[in-house]
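Peer 1: Pasting a predicted model and its sequence here:
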Amino acid sequence: MSPLAHRRFLKMNGLGNEIVVLDLRGSDTRVQPDEARAIAADPASRFDQMMVLHDPVTPGTDAFVRIYNTDGSEAGACGNGTRCVAWAMLDDPVMARPTLGEHLVLETRPGLLEVVRVSPVDFTVDMGAPRLAWNEIPLAEPFPDTRRIELQVGPIDDPVLHSPGAVSMGNPHAVFFVGRDPETYDLGRIGPLLESHPIFPDRANISLAQVIDRARIRLRVWERGAGLTRACGTAACAALVAAARLRLTGREATVTLPGGDLRIAWGEDDHVRMTGPTELEHEGTFAPSLFEAAA
């Protein structure tokens, strides 16, 4: 039997970005890729990202968090999921610890994330500094200027999309700036082609960004390993960074996704901070039968 059988989970969302929070602190259990895929396939635990809590590794942190996509791969970062983890660790009657205050430090594979509660359901996450060098994103070949890289979709003389900005926010992003509503593009068809383009050795999140004014961006995202989602926090951060580098916006903007608004600020300390809400949908436990095919 899978060690995940009968484990309790929370089904949450951040602006419609579907999140499962699973607490494995106090055990040495690790989620396997086939188990993550099985959990994602069940309607009761369907997720865009699953946030799995483990015991802290680095002194001074509150938990180590592993992040899984629907295809079982691990993600480096998930801003919406990080806010959901913070709510669970502070407010869920089972996961909460009485020693925690309103400020958390979570460790993920790329590094540390500081989270501060700003209202009962809203949190600000310090997503750290963006990585902008071609080999840090990473890209498969050198680009001295990643504000616009050579990549396009469609005819060479009349491309549908072209010259995205490349940014890493703990995971790689390509941000295409478009002149009309991103909903009018077939991102469900374009997204998977670009996600796995050879220029992205680790695959990439693909975003279409429409700059409304210097303080507002409309965004639609194809997430690496998850597909079309209603919101993606790291993509919102990447879009603001990419826009500000091109002087299309200032260093602070409201990013509107299909699921709602995120407030993104790229501070003078080079850190990108994201503020947005969380919502608890339900709790449940994993049925043993869920993992039979994965055994």
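Peer 2: Perfect, I can see it now. Residues are numbered from 1 along each chain as shown.

Peer 1: What is the neighbour count of residue 79?
Peer 2: 32 (other C-beta atoms under 10 Å). From N, CA and C alone the C-beta is placed, and that goes for glycine too.

Peer 1: Dihedrals phi and psi, it?
Peer 2: The phi and psi values for residue 79, taken as degrees, to the nearest 10, are phi -70, psi -40.

Peer 1: From residue 42, how far off is it?
Peer 2: Distance, residue 79 to residue 42, by C-beta to C-beta, to the nearest Å: 25 Å.

Peer 1: Repeat that for residue 93.
Peer 2: Distance, residue 93 to residue 42, using C-beta to C-beta: 24 Å.

Peer 1: These two: which has the busier surroundings?
Peer 2: Comparing residue 93 with residue 42 by other C-beta under 10 Å, the one with more neighbours is residue 42, at 15 against 6.

Peer 1: Quick check, pLDDT for the more buried one.
Peer 2: pLDDT for residue 42: 96.

Peer 1: Same question for the one 5 residues further on.
Peer 2: The confidence metric pLDDT takes the value 96 at residue 47.

Peer 1: Assumed it was part of a helix.
Peer 2: No. If the criterion is DSSP: H, G, I helix; E, B strand; the rest coil, then residue 47 is coil and not within a helix.

Peer 1: Renumber starting at 14 from here on
Peer 2: From this message on, residue numbering opens at 14, which makes the last subject residue 60.

Peer 1: That one against residue 50, yeah?
Peer 2: No. The pair residue 60 / residue 50 is not scored as a contact, 10.8 Å apart, by C-beta atoms under 8 Å.

Peer 1: what is in contact with the two at once?
Peer 2: Residues touching both residue 60 and residue 50 (C-beta atoms under 8 Å, 6 or more residues apart in numbering) are residue 83.

Peer 1: Run through the strands of the stretch 64-213 of the chain in chain order.
Peer 2: 76-82, 87-88, 116-120, 125-130, 135-139, 165-166, 174-175, 178-181, 185-190 (DSSP state E, counting those that start in this stretch).

Peer 1: what about the third one, distance to the chain center?
Peer 2: The reference is to strand 116-120. 16 Å (C-alpha atoms, centre = their mean, to the nearest Å).

Peer 1: Nearest to residue 147, out of the strands of the stretch 64-213 of the chain?
Peer 2: strand 178-181 (7.3 Å; C-beta to C-beta).

Peer 1: Tell me which other helices or strands that closest one touches.
Peer 2: strand 185-190, helix 246-258 (3 or more C-beta pairs under 8 Å, 6 or more residues apart in numbering; DSSP states H and E).

Peer 1: Give me the neighbour count for residue 78.
Peer 2: 22.

Peer 1: my bad, should have said residue 89
Peer 2: With other C-beta under 10 Å as criterion, residue 89 counts 17.

Peer 1: Is it in contact with residue 184, as I believe?
Peer 2: Yes. With contact defined as C-beta under 8 Å, residue 89 counts as touching residue 184 (4.3 Å).

Peer 1: buried sites along the helix or strand encompassing residue 26?
Peer 2: In the assignment (DSSP states H and E), residue 26 maps to strand 21-27. For strand 21-27, burial by neighbour count (16 or more other C-beta atoms under 10 Å) applies to 22, 23, 24, 25, 26, 27.

Peer 1: Just send the residues you listed back as TSV, with pLDDT and distance to residue 126 too.
Peer 2: Formatted as TSV, the buried residues of strand 21-27 follow (pLDDT from 0 to 100; distance: C-beta to C-beta, whole Å):
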residue	pLDDT	distance to residue 126
22	98	21
23	98	19
24	98	22
25	98	17
26	95	19
27	95	14
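
Peer 1: now stretch 18-30: how far from the chain's centre is it?
Peer 2: Stretch 18-30 has its average C-alpha position 15 Å from the chain's average C-alpha position, going by C-alpha atoms, centre = their mean.

Peer 1: May I have the distance across that stretch, first residue to last?
Peer 2: Using C-alpha to C-alpha, to the nearest Å, the end-to-end distance of stretch 18-30 comes to 25 Å.
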